[in-house]
Each structure stands twice: as C-alpha cells, then as structure tokens.
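Engineer: Got a sequence here, can you model it:
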Amino acid sequence: MDSNPTFADGVSHRRIDADEWEDIYVVGDVHGCLTELESLLETLAVSDDDLVVFVGDLIRKGPDSLGVLELVQANDNLLSVRGNNEEKLLRGDAVLCDFGPAEREYVASLPVAISWKNTLVVHGGVDPRKPLSEHSVDDLQTTRSLQPEGSYDRPFWFEQYDESRRVFFGHTVLDHPVERKSAVGLDTGCVYGGALTAYDYRRDEFVVQPSFGTGKERSDDSIVTPHSS
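Structural biologist: Okay, here's the model as predicted:
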C-alpha cells in the first residue's frame, strides 16, 4: 500500500486523488514558452475532467513567463510544483519586471512536491542515498548528479534510483525523455529550441510539442543524453 510521502521541514506537499480525474498529464519545464504550451494543451484536448501537472520552472528564460503563470493560475485543473527558477524569484536571486505582489504570492503558494498513489512529482529529483523524509526544498528542486562536484557528471540520480514510487521530474535538460520504471524525465529543452514534452499517465506514452524557435543558447555539455534503462 502506498503511503503519503513525508519530507524535511519546510517542504510543502500536495496530495491528490488520481481517481478523481479522467486523464492525467505531466508536463516538462515550460520556461515562459506560452505558445508551445497552448499548442500542447490543444493537442492533448484537455477538458475540465483532466488534470495537468507541471514539474516546475514555468517561468524565466522564455518569452512570456507572465502569460504562462496566468494560464496555470486561471485553471483549477492545472497544477505545478515550484521549481528552482520560481525559488530564485522568491529569494530575490532573479527579477521578472512584470511580476507584482500577486504573482509572487501565487508562486509562493505552489507546493514543492505533488503526489498520488505510487507517484511523486518534483522539479529536480530525489537522492536515492537517503530517505525521502530527509529531503529539503533545495534537494527536491536541484538534485541532478550524485557526484560531489560537477552537476553534469554521471551518475545522475535517476540512473541509481530504483524504488516503487515513480518520480516525474524536470530540471535536467535532456535530448530525449527519460522513461524508467522508477523515473520519468520531461525537460526536453523547449526554451533551448527542443520540445515541450508531456507524459500521458493513463496511456503510458509521451506527447511532444516541438519548439517554435524561441530557443536560447545552451552548451551541448549541459544537455544530457539518457542511458537506456
């Protein structure tokens, strides 16, 4: 039986009942790519009976962070965890000129983790070397490599994680999605000219919306090619 996950102090968590929704989609890092997001949602034909969960980093880097945030905020069936770019905004490490107190308040209200039966959605990942109850906000938002230095040195956490609770994550830019028994990676670099990727939870398949060319530059050594599981 799946238990309600617990985390370190300060980690906000939202538990949902998957049975309340007809279809569930988990979507990778949007980074202000509103046009691609709207196209993806149209392709998915999302209705009020469906749930869309984002892995965080709705904002920054792309052309319309405010538009993305307003779209998610306006729809009760669109939920997101708080990514490290949302955290940077709240901590004052990043500035978005068109974000006022209301937008910041909404960003602050986003949970760091969302879960349902045997499933966890976070932005960065989990460290398989310690229990979930010891994971802090920073752990869940920024975990990538298990090396002490060099955030793009293998092994990555999702290559070592092998638990019954499947983790959906973003943060690590991938040249194609990760699909493992215990982990699904969805940041396929839309803002860098890649694609915005969704995972259809009921049908166990990916739905991909290519970028419309709003990409920013990113070095090849910071785009990960996942090993086959």
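Engineer: Give me the residue at the spatial middle of this protein.
Structural biologist: residue 55 (1.6 Å; Cα atoms, centre = their mean).
Engineer: so what's that residue up against?
Structural biologist: Residue 55 makes contacts with 26-29, 80-81, 83, 121-123, 168-171, 186-187, as judged by Cβ atoms under 8 Å, 6 or more residues apart in numbering. Just so you know, the C-beta spots here come from the backbone N, C-alpha and C atoms, and that holds for glycine as well.
Engineer: what about 10 Å?
Structural biologist: Taking Cβ atoms under 10 Å, 6 or more residues apart in numbering, we find residue 55 in contact with 26-30, 80-81, 83, 114, 121-124, 167-171, 184-187, 197, 199.
Engineer: need the strands for the chain, in chain order.
Structural biologist: In the chain, the strands defined using DSSP state E lie at 13-15, 24-27, 51-54, 78-80, 113-116, 119-121, 166-169, 178-179, 183-185, 195-200, 205-210.
Engineer: Make TSV out of these and add distance to residue 93.
Structural biologist: Formatted as TSV, the strands of the chain follow (distance: least, Cβ to Cβ, whole Å):
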stretch	distance to residue 93
strand 13-15	23
strand 24-27	24
strand 51-54	21
strand 78-80	19
strand 113-116	21
strand 119-121	23
strand 166-169	21
strand 178-179	27
strand 183-185	25
strand 195-200	25
strand 205-210	29
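Engineer: can you list these in TSV and add distance to residue 87 and mean pLDDT?
Structural biologist: Putting those into TSV (distance: least, Cβ to Cβ, whole Å; pLDDT from 0 to 100) gives the following:
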stretch	distance to residue 87	mean pLDDT
strand 13-15	15	97
strand 24-27	19	98
strand 51-54	15	98
strand 78-80	13	98
strand 113-116	13	98
strand 119-121	16	98
strand 166-169	15	98
strand 178-179	23	97
strand 183-185	20	98
strand 195-200	21	98
strand 205-210	26	98
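Engineer: Out of these, which gets nearest to residue 104?
Structural biologist: Closest approach to residue 104 among these (Cβ to Cβ): strand 78-80, 14.9 Å.
Engineer: Would you list the strands that that closest one pairs with, along with their directions?
Structural biologist: Paired neighbours of strand 78-80 in the sheet (DSSP bridges): strand 51-54 (parallel).
Engineer: send the alpha carbons of the partner strand over as CSV?
Structural biologist: The C-alpha coordinates for strand 51-54 follow below in CSV (Å, rounded to 0.1, in the frame of the first residue of the first chain):
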residue,chain,number,x,y,z
LEU,A,51,-5.5,17.1,-14.7
VAL,A,52,-2.3,18.6,-15.9
VAL,A,53,0.7,18.6,-13.5
PHE,A,54,3.8,20.7,-14.3
